[in-house]
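Asks: Compute the structure for the input listed below.
(one chain, ligands or ions: 4)
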Amino acid sequence: LSMESALRKAFEGDQFALVYQPKVDADRGCVVGGEALVRWHHPTEGVVGPAAFIPLIEEMGLIGQLGQWVLTRACEDIARWCRDGVPLVPIAVNLSALQFGRQDLHESIRDTLAAHGVAPEMIELEVTESILMRDTRATAEVLEGLHGLGLSLAVDDFGTGYSSLAYLKRFAVDTLKIDRSFVQDCAGTGQDPAIVRAIIAMAQSLGMALVAEGVETEAQARVLQAHGCAVMQGYLFARPLAEADFRAALCDGL
Ligand code: G
Ligand code: G
Ligand code: MN
Ligand code: NA
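Replies: Ligands and ions are numbered 1, 2, ... in the order given. Okay, the predicted model is just below:
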């Protein structure tokens, strides 16, 4: 079976799943958000990560369908947590650049939230710099429209795209996610500590929220916290968790 036909069957066979990685406020010691990450439970290969199949999904023209599945599942989970009295936090979903080309993105997000009774404030969209660098009216309109719905927007992998920062004033972006390549050596001696400090200072002066990605050590966490970036995501705190484990983390902490 080719990977393509296996992927087509994955939609019919309900082989996709979401895991949720907690975002932790190190100042307060609590879970303040989560990022939904898709996994493919391949019938013979086991669990396949998105890096291995999203490029093919995009090539096959199925990224819109996958994005819709991801948002629907996240909304179903949020609605169930809410009914069960689980303390809610905003959940981030990733949007790939190709999803921005679709005419129906705004309507489908609005309708999916409404269908599940999920408040827009509960969903954050993580977009890459490559989306924001396209200086087109269409991009600005899509982003403003999504923002107008009440969703917040985060720049994923911040600092790894093009170097222009012009898009930060063009678009209403709420949060910068400091890429883990900078976080990795932020407690070291090279340039990365200075880069991380500069990103934090810039976000603060622009009134943007911050999340540090890929935090793996206490030393990294201490440096980030000392410089004013309290919200962190990474293996130091938690791996991406199955729904039941994430739910338990919302109820009882990590
Ligand atoms: O979870 P993992 O570290 O394997 O994710 C690898 C990459 O896949 C990350 O860059 C992440 O943003 C992306 N990714 C994970 N889930 C989704 C998804 O639902 N949609 C899109 N477009 N990308 C995703
Ligand atoms: O690009 P994006 O930020 O969406 O990717 C998130 C990915 O980062 C997920 O695939 C997740 O598994 C991975 N990840 C999360 N925490 C860590 C970490 O502490 N270290 C490393 N190396 N990867 C991480
Ligand atoms: Mn992300
Ligand atoms: Na990222």
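Asks: What segments of the chain are strands?
Replies: For the chain, the strands defined by DSSP state E occupy 16-25, 30-42, 46-48, 91-94, 123-128, 152-158, 175-178, 209-212, 231-232.
Asks: Using JSON lines, lay out those together with mean pLDDT and mean neighbour count.
Replies: Heads up, the C-betas are built off the backbone N, CA and C, glycines and all. JSON lines is the format used below for the strands of the chain (pLDDT from 0 to 100; neighbours: other Cβ atoms under 10 Å):
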{"stretch": "strand 16-25", "mean pLDDT": "98", "mean neighbour count": "21"}
{"stretch": "strand 30-42", "mean pLDDT": "98", "mean neighbour count": "20"}
{"stretch": "strand 46-48", "mean pLDDT": "96", "mean neighbour count": "12"}
{"stretch": "strand 91-94", "mean pLDDT": "98", "mean neighbour count": "22"}
{"stretch": "strand 123-128", "mean pLDDT": "95", "mean neighbour count": "22"}
{"stretch": "strand 152-158", "mean pLDDT": "93", "mean neighbour count": "22"}
{"stretch": "strand 175-178", "mean pLDDT": "96", "mean neighbour count": "24"}
{"stretch": "strand 209-212", "mean pLDDT": "97", "mean neighbour count": "25"}
{"stretch": "strand 231-232", "mean pLDDT": "98", "mean neighbour count": "23"}
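Asks: Compare these and give me the one nearest ligand 4.
Replies: Nearest of the strands of the chain to ligand 4, taken as Cβ to the ion: strand 152-158 at 4.1 Å.
Asks: what's the closest one in contact with?
Replies: 90, 92, 94, 121, 123-129, 132, 143, 146-147, 171-179, 199, 211, 213 (Cβ atoms under 8 Å, 6 or more residues apart in numbering).
Asks: Pull up the residues of this structure that are close to ligand 4.
Replies: Contacts of the chain with ligand 4, taken as Cβ under 5 Å from the ion, map to 156, 157, 213.
Asks: got these as CSV, with distance to ligand 1 columns?
Replies: Listed next are the residues of the chain next to ligand 4 as CSV, based on distance: Cβ to the nearest ligand atom, whole Å:
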residue, distance to ligand 1
156, 6
157, 7
213, 10
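Asks: which stretches of the stretch 1-150 of the chain form helices?
Replies: Along the stretch 1-150 of the chain, the segments classed as helices by DSSP state H, counting those that start in this stretch run 3-12, 50-59, 63-83, 105-116, 129-133, 137-149.
Asks: Can you check which of those gets nearest to ligand 2?
Replies: helix 50-59 (7.0 Å; Cβ to the nearest ligand atom).
Asks: angle of that closest one against helix 3-12?
Replies: Using axes from the mean of the first three to the mean of the last three Cα atoms, to 10 degrees, the direction of helix 50-59 lies 90 degrees away from that of helix 3-12.
Asks: For ligand 3, which of the helices of the stretch 1-150 of the chain is the nearest?
Replies: With Cβ to the ion, the closest approach to ligand 3 among the helices of the stretch 1-150 of the chain belongs to helix 50-59: 9.9 Å.
Asks: Please point out which parts of that closest one sit buried.
Replies: 50, 53, 54, 57, 58 (16 or more other Cβ atoms under 10 Å).
Asks: hang on, the earlier thing: redo the helices of the stretch 1-150 of the chain as JSON lines? Include distance to ligand 3 and mean pLDDT.
Replies: Output for the helices of the stretch 1-150 of the chain, formatted as JSON lines (distance: least, Cβ to the ion, whole Å; pLDDT from 0 to 100):
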{"stretch": "helix 3-12", "distance to ligand 3": "21", "mean pLDDT": "93"}
{"stretch": "helix 50-59", "distance to ligand 3": "10", "mean pLDDT": "95"}
{"stretch": "helix 63-83", "distance to ligand 3": "12", "mean pLDDT": "97"}
{"stretch": "helix 105-116", "distance to ligand 3": "17", "mean pLDDT": "96"}
{"stretch": "helix 129-133", "distance to ligand 3": "12", "mean pLDDT": "82"}
{"stretch": "helix 137-149", "distance to ligand 3": "16", "mean pLDDT": "88"}
